[in-house]
Structure formats: structure tokens, C-alpha cells
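>>> Provided below for reference: sequence and predicted model.
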Amino acid sequence: MSDADAATVLVARHGETHWNRESRVQGWAPTGLTDRGQEQAAALGEAVAERYAVDRIVSSDLQRTRETTAGVLDGGSDLPDPAFDADWRERGFGVLQGLLAEDLFERYPAHDDGDSVSALPAAPENGETVAGFRDRVRDSWTRLVRTVEPGETTLLVTHGGVIKVLLATVDERSLDAALAAHSQDNCAVNEVRVADDRTTLVAEELTDWR
């Protein structure tokens, strides 16, 4: 397959939220963007519209990704209407959502407080296990890759934990190490090339446009 026939998937993290600033566990909580997060989303939209011909936008259906997607549409031009999908949500942390990260580490002393919350090995009430989260994201990625058309560019707006799983999958990295690492900056972008169902990481955590 030629470069012209290859598809591109741009994977972006949502803009800054109030709970990002406070270092709280977000999970599926309906957290909104800060003013800075709104500015980041608009800048993301402007940069994406200038650098790529975006054919499709797919987003997590949580409030912070919906607001980011709205900001992207405001900042860019000639961008398509988005589709929202619950399968692209952050890992669900159930009853732990809203806790300060430091309180979470006190509750689970076996978890290394130098690791990200994404790597928490516990199965929180009404939440997801690491394995369940991993499988959901990988299955969603497989479905997305199978639906992209040759030459198409898709923008995926999602979450820090999801991006860790995707990078581990695309770049054949250790999932444990990826989950333990800190999340990418808000509204950072990763570019993935898709050709014949094979994926290649072209660029990681792009933020030069912010």
C-alpha cells in the first residue's frame, strides 16, 4: 500500500479539567474543562484543521471529551460532525472517583505512589479492573482500525489512560510500564499510520502548536 493509500488516526487527550488541577481521580465522573482547557481545545482544532484534512471525528462520550470536541470544532474550520462512543471512556474507577490521588495511595498502600492511578491493580466497586479496561480499549482500537478508509484521517478525542493502552498496543511496549507512567499533557496529539490493518506510531505527544 502506498503512502497515499494509508490512513491516519490522530489520538488526542482532552483539555485540562478542574480535577486535573486538583489531582483527583476522574474516571467516568462528569468533570468539565477549565478556561485553559477550553483554550487548549480551540488551539487543537485550529492546528488539526491547518495540518490535516480530517474526515472523521470520534470522541469519548464523557463531559470533558465532549467539551474538548466542541472546542476543537470552534477552533477549526471545515471539520466533520463528531460521533460519541462510550467505548473510548477513561478507565472507570467507581467509588474511588473524586478522591485526591494522595488519598487513593493511602487507601491502597501496595500501589506504588510513584505510579499513575491508571495502573492501580485493585478492582474498585462499580469500576473496572486493569484487564477489563485494557481489553475494552484494545477491542475498540481493533474496530476503529478496521473501519478506516484508505487515505482517510480520523481524529480520536479520548483520555490519558486510554492513550497509554493504545501506545502500548501500537508500539509494542510494556503495558504495565505504560500504565504506570504519567499521562500525556492535555490536548497532546499522537499520530498513527494505518496500512493494511498494520499500525505504526509516526509521532508521539505533539504539543508544539499549543
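Thanks, I have the structure now. Everything quoted here is computed from the prediction, not taken from an experiment.
>>> and residue 132, how far is that from residue 207?
To residue 207, residue 132 is 30 Å away according to C-beta to C-beta, to the nearest Å. To be clear about C-beta, it is placed using only N, CA and C from the backbone, and glycine gets the same treatment.
>>> Ok, residue 176 next?
Per C-beta to C-beta, residue 176 is found 25 Å from residue 207.
>>> Show me where the protein has its helices.
Along the chain, the stretches classed as helices by DSSP state H are 18-22, 35-51, 63-75, 101-107, 130-147, 160-170, 175-180.
>>> So which bits of the one helix or strand in the chain whose mean pLDDT sits lowest are buried?
The weakest-scoring helix or strand in the chain, judged by mean pLDDT, DSSP states H and E, is helix 101-107 (a mean of 84). Using 16 or more other C-beta atoms under 10 Å as the test for burial, helix 101-107 gives 104, 105.
>>> Which elements pack onto that helix?
Contact here means 3 or more C-beta pairs under 8 Å, 6 or more residues apart in numbering; DSSP states H and E; on that basis helix 101-107 packs against no helix or strand.
>>> Just the residues contacting stretch 96-105, thanks.
Stretch 96-105 is contacted from outside by 19, 22-29, 107, 111, 113, 117, 120, 124, 127, using C-beta atoms under 8 Å, 6 or more residues apart in numbering.
>>> For this protein, give me the ranges with low pLDDT.
For the chain, applying pLDDT under 70 flags the ranges 1-4, 210.
>>> for the lengthiest strand in it, the distance to its chain's centre please.
Longest strand of the chain, by residue count under DSSP state E: strand 198-206. Mean C-alpha position of strand 198-206 versus that of the full chain (C-alpha atoms, centre = their mean, to the nearest Å) differs by 14 Å.
>>> partner strands of it, parallel or antiparallel?
Counting by DSSP bridges, the strands paired with strand 198-206 are strand 189-195 (antiparallel).
>>> what's the angle from the partner strand to helix 160-170?
Orientation of strand 189-195 against helix 160-170 (axes from the mean of the first three to the mean of the last three C-alpha atoms, to 10 degrees) gives an angle of 30 degrees.
>>> How far off centre is strand 189-195?
Distance, centroid of strand 189-195 to centroid of chain: 13 Å (C-alpha atoms, centre = their mean).
>>> Name the residues that touch that strand?
Contacts for strand 189-195 (C-beta under 8 Å, 6+ apart): 1, 5-12, 44, 47-48, 145, 148, 163, 166-167, 170, 184, 199-207.
>>> Could you identify the buried members of these?
Taking 16+ other C-beta under 10 Å as the criterion, what is buried in the contacts of strand 189-195 is 6-12, 44, 47-48, 145, 148, 163, 166-167, 170, 184, 199, 201, 204, 206.
>>> In this model residue 118 seems to touch residue 176, though I could be wrong.
No. Residue 176 lies out of contact with residue 118 (C-beta atoms under 8 Å); the separation is 10.5 Å.
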